[in-house]
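Enquirer: coords please:
(one chain, ligands or ions: 1)
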Amino acid sequence: MKIIYVLALLISLQMSSVGAETLPANQPDKEMFIAHLLGEMTLEEKVGQLTMSYDTEHAKKPELFRLISAGQTGAIIGTLSRAAGRELQDVAVQHTRLKIPLFFGFDVIHGYRTIFPIDLGLAASWDVDAIATSARIAAQEASADGVDMTFAPMVDISRDPRWGRVAESFGEDTYLVSRIAEVVVSAFQGPLPIASDRIMACVKHFALYGAVEGGRDYNSVDMSPVQMYQNYLPPFQAAFGAGADSVMIALNSINGVPATSNVWLLQEVLRREWRFNGMTLGDFGGISQLVDHGVAANRREASGEAIRAGLDMSLGDPFYGVELEGLVKSGETSQTQIDNAVRNVLATKYDMGLFDDPYRRLGRASEDPSEIDAESRLHRSQARDVARKTLVLLKNKDKLLPLKKHGTIALIGPLAKNPVDMLGSWSARGVASQVVTVYDGLATALGNQGSLLYAQGANVTDSTEVIDYLGDALVIDPRPETAMIDEAVKAAAQADVVVAVLGESKGMSGEAASRTSLDLPGRQSQLLTALKATGKPLVLVLMNGRPLSVGAEQDQADAVLETWFSGTEGGNAIADVLFGDYNPSGKLPITFPRSVGQIPSYYNHLNTGRPFVPGHSRTFSSLYYDQLDGPLYPFGYGLSYTDFSLSDVTLSTTALSRDGALDASVRVKNTGQRDGATVVQLYIQQVLGSISRPVKELKGFQKIRLKAGEEKTVHFTVDEDSLKFYNAELKYVAEPGAFNLQIGLDSQYVKQRSFQLL
Ligand code: NOJ
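Expert: Just a heads-up that it's a prediction; the model follows:
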């Protein structure tokens with residue numbers, strides 16, 4: 001009786017403070033509410049809150065129901081519909097003693113029903129409004145299906161394109177990733193994640209996952225503190241600053257200590273230094289993997305290490321449930337450690353508005369959509385608009401593009417007509433049959449003004465190892481490769497222009513999809529050579545989740561368009577660009593190396609003691625002697641159908657005082673015949689420092705749109721903060737002295753001026 005009374009009291013207390021969705025959660029009430037609830041909970045009930053369980057197929061549902069009604073799980077991942085979620089929530093709020101609601105988590109990464117381009121593509125837009133649109137729509141669609149939390153954004157700095165999860169990242173640059181992290185968190189959550197059409201952002205993977213050795217997934221990380229603080233940690237701070245109150249802990253070890261049990265990372269950095277007071281969530285199997293890492297003898301030890309380090313909730317491991325009570329009773333884990341973790345989990349539920357209404361996002365049965373995958377539930381026009389902003393024009397010899405909407409086009413390639421691949425990895429509830437392929441997009445745009453021939457030309461891979469690994473995700477045409485190439489060449493011979501859509505299949509980039517090579521897989525390169533031999537104008541449309549070393553292919557093709565995995569409306573977006581209905585404006589968020597051997601190839605490297613200086617001797621300088629120095633395509637690079645010119649840089653002062661600000665400006669002119677957009681990029685180099693500093697670092701960017709012939713002055717403000725970095729003592733300082741300031745349209749094509757910080 002008492003419990004029911006207390007709970008009713010607490011809930012009414014909370015409802016009075018958080019009645020309207022838009023009202024901010026009232027902090028004192030929240031703390032009081034949680035403290036009271038915690039006071040009512042048994043140890044068993046507390047421990048139960050600390051596990052997130054997987055939703056299961058129908059046959060195993062009774063076990064999941066049992067787990068929930070026994071209060072042994074606090075959250076669920078992977079529930080497929082509102083109705084399914086409601087069934088589980090009913091058990092939690094009707095059949096458990098304290099009626100604590102579950103929350104529902106899911107990987108909503110680049111769209112939910114409407115799939116937007118993969119994150120690497122979104123970053124290539126350098127368009128924060130477009131990225132915000134994609135995340136806001138993802139939140140709307142996911143919340144409408146009962147999702148409370150997304151395991152996103154992933155803000156791991158990704159400098160090694162062998163790592164498959166580069167596809168899920170916003171690229172290699174700390175400044176760009178940080179700005180995008182802020183935008184995405186705000187768009188998922190809105191002002192507060194309590195609104196029923198928003199979801200909570202669980203930023204991941206904390207930390208340094210993008211730096212796994214050799215780009216091999218789940219590998220170890222060994223890194224200097226300066227590198228961590230300077231390049232890998234700031235995007236997390238940016239995401240927290242934007243309001244993310246939960247974080248997923250990485251599976252990798254850091255200098256020998258797995259993140260899951262890393263006291264320095266989870267307590268010193270996260271809680272003490274950054275004052276983070278949200279919830280930490282383990283990544284899948286993180287606790288049991290402490291045994292594989294060799295830092296815990298068994299799962300009991302592993303559970304103890306993780307909870308003591310500050311891992312609040314476990315995912316994909318039942319071991320907290322099995323071990324924590326015993327660990328508390330034996331004194332190996334304190335009651336306080338358990339309480340802290342439970343408090344964080346309950347606070348997360350509170351912030352998502354679930355104590356107020358456990359069905360906040362699950363809705364009522366009467367409001368369920370009659371058809372879950374209904375067309376009307378998609379946001380096609382926004383997806384098309386965002387997707388075309390992510391496409392990057394890499395080459396356009398003799399202005400072959402845009403194509404004319406008449407004559408005959410031969411569309412060739414294993415990715416030209418494949419809806420599954422266009423979705424990319426982590427495609428949530430995206431439905432392949434709702435995807436517009438490149439074939440569909442070109443056919444619609446051409447209408448009956450021109451004709452479209454099609455041939456597959458090659459399989460995406462012919463490697464038995466790759467086929468075995470990717471399994472059913474690949475559809476392999478059993479015909480001999482020569483027959484497929486012949487068929488493609490025949491189609492090309494009849495056409496005015498050839499468009500080859502080549503790259504990787506969806507499964508080739510993503511989690512557990514690291515590669516040793518960055519070449520086009522299979523026989524696709526040979527196919528391109530055969531198409532080139534027809535003498536027809538050749539457009540290469542790349543579809544891939546990582547930088548590819550396509551130097552040879554670039555030489556053969558007259559035009560190259562990077563399209564990533566561009567989502568539900570990808571085919572229309574690609575057609576818009578190929579036919580010039582949209583002028584491309586994307587810029588690479590990651591360097592494309594000439595070969596896998598050039599890695600690491602990120603642009604903001606240190607100068608070294610023996611830098612290679614173009615025009616000077618190559619010997620005894622820091623380079624690979626068997627290949628041209630420098631990337632295939634630099635960071636920030638991308639062409640347009642129009643041309644832009646840059647004036648010299650104007651500085652408001654060349655002596656910046658500590659409390660002052662410097663205005664750096666350029667005039668950008670659209671010198672071509674078409675309206676277009678470009679990204680003006682600001683880079684700064686500290687010439688002399690207490691430690692060696694990068695050759696340049698991105699410090700600002702603006703995407704601007706200019707009509708043909710139009711000119712605009714673009715201003716950037718530089719102050720002391722823009723020049724700060726972590727020195728050898730990990731102090732965040734700006735040192736006096738000379739700086740080079742560059743403004744350009746990519747990281748190589750820049751105009752430079754110098755100034756002094758006083
Ligand atoms: C493992 C992945 O590393 C993580 O990114 C993802 O959120 C979880 N699985 C849940 O699917």
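Enquirer: strands along the stretch 451-600 of the chain, start to end?
Expert: Counting by DSSP state E, counting those that start in this stretch, the segments of the stretch 451-600 of the chain that form strands are 497-503, 538-543, 559-562.
Enquirer: any idea which of those is most buried?
Expert: strand 497-503 (a mean of 28; mean count of other Cβ atoms under 10 Å). Yep, even glycine has a C-beta here, placed from its N, CA and C like the rest.
Enquirer: quick one on the thing from earlier: can I get the strands of the stretch 451-600 of the chain in a markdown table including distance to residue 304 and mean pLDDT?
Expert: Shown next, in a markdown table, are the strands of the stretch 451-600 of the chain (distance: least, Cβ to Cβ, whole Å; pLDDT from 0 to 100):
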| stretch | distance to residue 304 | mean pLDDT |
| --- | --- | --- |
| strand 497-503 | 46 | 98 |
| strand 538-543 | 47 | 98 |
| strand 559-562 | 48 | 99 |
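Enquirer: now tabulate those in CSV and tack on distance to the ligand.
Expert: Formatted as CSV, these follow (distance: least, Cβ to the nearest ligand atom, whole Å):
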stretch, distance to the ligand
strand 497-503, 23
strand 538-543, 23
strand 559-562, 24
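Enquirer: let's have these in TSV, adding distance to residue 738.
Expert: Output for the strands of the stretch 451-600 of the chain, formatted as TSV (distance: least, Cβ to Cβ, whole Å):
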stretch	distance to residue 738
strand 497-503	44
strand 538-543	40
strand 559-562	36
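Enquirer: for residue 46, find the nearest of those.
Expert: Between residue 46 and the strands of the stretch 451-600 of the chain, the tightest spacing by Cβ to Cβ is seen for strand 538-543, at 48.3 Å.
Enquirer: distance from the chain centre to the closest one, please.
Expert: Offset of strand 538-543 from its chain centre (Cα atoms, centre = their mean, to the nearest Å): 24 Å.
Enquirer: so what strands line up beside that strand?
Expert: The sheet places strand 538-543 alongside strand 497-503 (parallel), strand 559-562 (parallel), with pairing taken from DSSP bridges.
Enquirer: and of these, who's closest to residue 48?
Expert: Where these are weighed against each other on Cβ to Cβ, the nearest is strand 497-503, at 45.9 Å.
Enquirer: neighbouring contacts of that closest one?
Expert: For strand 497-503, the external contacting residues (Cβ atoms under 8 Å, 6 or more residues apart in numbering) are 400, 403, 407, 409-416, 438, 442, 457, 460, 492, 520, 524, 527-528, 531, 534, 536-544, 548, 553, 557, 578.
Enquirer: next one: that strand to chain centre, how far?
Expert: On the basis of Cα atoms, centre = their mean, strand 497-503 is displaced by 27 Å from the centre of the chain it belongs to.
Enquirer: residue 48 and the ligand: what is the separation?
Expert: Between residue 48 and the ligand the distance, using Cβ to the nearest ligand atom, to the nearest Å, works out to 20 Å.
Enquirer: how about residue 331?
Expert: Residue 331 sits at a distance of 33 Å from the ligand (criterion: Cβ to the nearest ligand atom).
Enquirer: which element is whichever residue of the stretch 351-500 of the chain sits closest to the ligand on?
Expert: The minimum distance from the stretch 351-500 of the chain to the ligand, using Cβ to the nearest ligand atom, falls at residue 426 (8.1 Å). Residue 426 belongs to no helix or strand when elements are defined using DSSP states H and E.
Enquirer: contact partners for it?
Expert: With contact set as Cβ under 8 Å, 6+ apart, residue 426 has these partners: 107, 109-110, 168, 510-511.
Enquirer: now rank those by neighbours and give me the top one.
Expert: Using other Cβ atoms under 10 Å as the contact criterion, the top neighbour count among the contacts of residue 426 goes to residue 110, which has 34 neighbours.
Enquirer: what values do phi and psi take at it?
Expert: Here is the backbone geometry of residue 110 (degrees, to the nearest 10): phi -140, psi 60.
Enquirer: pLDDT score for it?
Expert: In the predicted model, residue 110 carries a pLDDT score of 98.
Enquirer: ok, it - contacts?
Expert: So residue 110 contacts 116-119, 121-122, 134, 138, 424, 426-427, 567 (Cβ under 8 Å, 6+ apart).
Enquirer: now pLDDT and secondary structure too, for the residues you listed, in CSV please.
Expert: Listed next are the contacts of residue 110 as CSV, based on pLDDT from 0 to 100; DSSP: H, G, I helix; E, B strand; the rest coil:
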residue, pLDDT, secondary structure
116, 98, coil
117, 99, coil
118, 98, coil
119, 98, helix
121, 98, helix
122, 99, helix
134, 98, helix
138, 98, helix
424, 97, coil
426, 96, coil
427, 97, coil
567, 98, coil
